[in-house]
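Trainee: Structure of the sequence below:
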Amino acid sequence: MPLALYDTWSRTVRPFTSILVGKVGMYCCGPTVYDYAHIGNLRTYVFEDILRRALTRNGYEVRHVVNITDVGHLTSDADEGEDKMEKGSRRAGKSAWAIARSFTEAFVADWRALNLLEPTVWSRATDHIAEQIAFIRELERAGYVYRTSDGLYFDTGKQDDYGFLARLDRAGLQAGKRVAVGDKKNITDFALWKFSPPDITRQMEWDSPWGRGFPGWHIECSAMSAKYLGHWFDLHCGGEDHIAVHHSNEIAQTQAAHGTRLANFWMHGHFLTLDSHTKMSKSSGDFIRLQTLQNRNIDAIAYRYLCLTAHYRSKLHFSWASLDAAQIALNRLRHLYSGWPDGGRIDPDFVARFNVEVDEDLNLPRALAVLWELVKSPLPPATLRATVDNFDSVLGLGLRDWKPLVSDIPENIQVLLSEREQARAKKDWAKADDIRKTLTARGWRVEDSKEGQRLIGITTGATDIGHE
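Mentor: Sure thing, here's the model as predicted:
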């Protein structure tokens, strides 16, 4: 089966074909670095990483661009309020440039902890002011820009199909319902360039043909994606909250200036919800960082595993119990994998079944089911390792890089422990009990926990076989 992906523009799952043979341009909306990313934000980046890995598996060379919004994102996604960077600066008592640097570093640390592939390009908004000004000039020449007391705005009234991505009911939008109209011509019009207030000193501002100020959020992504991928590329990704405003505005700008909808496929990951079934957000105070999980001795990769258990287009309900279950499953897989020898051949039937699920719009829950069916199969251990290795090129669990904590345990005891873990995975409780008795007879007691097996030397003291 060819790779098929859900396109938000068409509202269909359709076969994926790249614009240039063998090459894919992929732009992913990155963080606004006024605060730490929360695990709901990070779920989107896990989905995009799986997408990139699936594309690579299908033979494509992927040029992956991720932006860093370090200026211009106002406190409302619909262009209300002040710049989030300035607000974050005041809250932290540091310069906007300092907090941008600090939170960018924190975000990249989370990115790497989740084993996300490094983008081809990290693109900072403040490094591309000239490109944004040039893009606004193009929109001016096309007749889509007008001036108000506080900035330059894009006239959405000139586009009959504005908001098609979100299927917006433009006629039904009432003034003040989504944003305050003010000097704007239409409720859906959005800022391209904001003037610096005369009575306030801003830290991030630049000279422009229209006066000193700073860019709007939406123009940043249109300008940066165009620079690195062109005005018509393959994939544009983000969270579902980007559909109605940010991505609709990116499309409007590029249609006005260059006559395209920017990307052939628009793909969106859905929200992470909490016990209250509300989406996780910084404004609501429901804010759990990756570091929060790690402080509770939860592996960052266990969170990645949890993300794989729900389809990217369905909401994922987060609870500590579900995260514990993900940690247990990951530990079991790691211990099994580490006990299998190298040198085996990949099983083609299991790989074919795995590929079908991945290529059907990244159905990772069903791909995981194939993985566990493989693990419990009677195939030779070396075949199991080689085939799971193949799967992990998409899953990104880093199994080959993980090593159990083993200290002063004889090799023959380690082999028995690995065999027992395999028996438990296959629910062969009789064999697991027999191995336990053998280990006891040889001076080792086994205790089972959510972290894995704990081996206690009856005469030598305790040694853990646990997660890192």
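Trainee: Could you check how far whatever helix or strand D392 lives in is from the centre of its chain?
Mentor: D392 belongs to helix 381-395 when assigned by DSSP states H and E. Its chain's average C-alpha position is 23 Å from that of helix 381-395, according to C-alpha atoms, centre = their mean, to the nearest Å.
Trainee: measure stretch 116-124 end to end?
Mentor: End-to-end distance for stretch 116-124: 19 Å, by C-alpha to C-alpha, to the nearest Å.
Trainee: if you average pLDDT over that stretch, what comes out?
Mentor: Taken as a whole, stretch 116-124 carries a mean pLDDT of 98.
Trainee: picking up where we left off before, and the helix or strand following the helix holding D392, how far out from the chain middle?
Mentor: Heading C-terminal from helix 381-395, the first helix or strand you meet, by DSSP H and E, is helix 411-425. With C-alpha atoms, centre = their mean as the basis, helix 411-425 stands 35 Å off its chain's centre.
Trainee: So which elements touch helix 411-425?
Mentor: Using 3 or more C-beta pairs under 8 Å, 6 or more residues apart in numbering; DSSP states H and E, the elements in contact with helix 411-425 are helix 320-339, helix 429-441, strand 444-449, strand 452-457. Any C-beta I mention is one placed from the backbone N, CA and C, and that applies to glycine too.
Trainee: ok, now which ones touch S18?
Mentor: By C-beta atoms under 8 Å, 6 or more residues apart in numbering, the contact set of S18 is 24, 60, 234.
Trainee: Among those, which one is most surrounded by other residues?
Mentor: Most neighbours among those, by other C-beta atoms under 10 Å: V24, with 24 neighbours.
Trainee: picking that back up, what residues does the helix holding D392 touch?
Mentor: Helix 381-395 is contacted from outside by 50, 53-54, 56-57, 308, 333, 336-337, 339-347, 350-351, 354, 358, 364, 367-368, 370-371, 374-375, 377, 379, 398-400, 422, using C-beta under 8 Å, 6+ apart.
Trainee: can we see that at 6 Å?
Mentor: Helix 381-395 has contacts (C-beta atoms under 6 Å, 6 or more residues apart in numbering) with 53, 57, 337, 340-341, 343-347, 350-351, 354, 358, 371, 374, 399.
Trainee: Quick check: PyMOL command selecting the buried ones in the residues you listed.
Mentor: Buried members of the contacts of helix 381-395, defined by 16 or more other C-beta atoms under 10 Å, are picked up in PyMOL with:
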select buried, resi 53+57+337+340+344+347+350+351+354+358+371+374+399
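Trainee: Which ones among the contacts of helix 381-395 map onto helices?
Mentor: Judged by DSSP state H, these include 53, 57, 337, 350-351, 354, 358, 371, 374 as members of helices.
Trainee: With distance to T17 and pLDDT as new columns, can those be given to me in CSV?
Mentor: Formatted as CSV, these follow (distance: C-beta to C-beta, whole Å; pLDDT from 0 to 100):
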residue, distance to T17, pLDDT
R53, 19, 98
R57, 16, 97
Y337, 35, 91
F350, 27, 98
V351, 23, 98
F354, 22, 98
V358, 17, 98
L371, 28, 98
L374, 30, 97
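Trainee: Is it possible to get these out as a markdown table so that each row also shows distance to K87?
Mentor: Putting the ones in helices among the contacts of helix 381-395 into a markdown table (distance: C-beta to C-beta, whole Å) gives the following:
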| residue | distance to K87 |
| --- | --- |
| R53 | 36 |
| R57 | 42 |
| Y337 | 46 |
| F350 | 51 |
| V351 | 50 |
| F354 | 46 |
| V358 | 41 |
| L371 | 44 |
| L374 | 50 |
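Trainee: thinking again about what came up before, which one, of the helices and strands packed on helix 411-425, ends up nearest to V65?
Mentor: When the helices and strands packed on helix 411-425 are compared by C-beta to C-beta, helix 320-339 sits nearest V65, at 29.9 Å.
Trainee: Which pLDDT value belongs to S283?
Mentor: pLDDT recorded at S283 is 59.
Trainee: how near is E80 to A352?
Mentor: Distance, E80 to A352, by C-beta to C-beta, to the nearest Å: 51 Å.
Trainee: all strands of the stretch 151-300 of the chain, in order?
Mentor: With DSSP state E, counting those that start in this stretch, the ranges of strands along the stretch 151-300 of the chain come out as 151-154, 190-195, 213-215, 233-239, 263-269, 272-273.
Trainee: Buried by neighbour count: which residues of the helix holding D392 qualify?
Mentor: 381, 383-392, 394-395.
Trainee: hey, where'd the helices end up in the stretch 151-300 of the chain?
Mentor: Along the stretch 151-300 of the chain, counting by DSSP state H, counting those that start in this stretch, helices occupy 217-229, 248-258, 290-295, 300-308.
Trainee: If you count contacts, what does the second one end up packed against?
Mentor: If contacts are counted by 3 or more C-beta pairs under 6 Å, 6 or more residues apart in numbering; DSSP states H and E, helix 248-258 sits against helix 129-142, helix 217-229.
Trainee: what mean pLDDT does stretch 288-302 have?
Mentor: Averaging pLDDT along stretch 288-302 gives 91.
Trainee: distance between the ends of that stretch?
Mentor: Stretch 288-302 stretches 15 Å from its first residue to its last (C-alpha to C-alpha).
Trainee: Residues touching it, excluding its own?
Mentor: Outside stretch 288-302, the residues within contact range by C-beta under 6 Å, 6+ apart are 36, 38-39, 110, 113-114, 303, 323, 326-327, 330, 397, 467.
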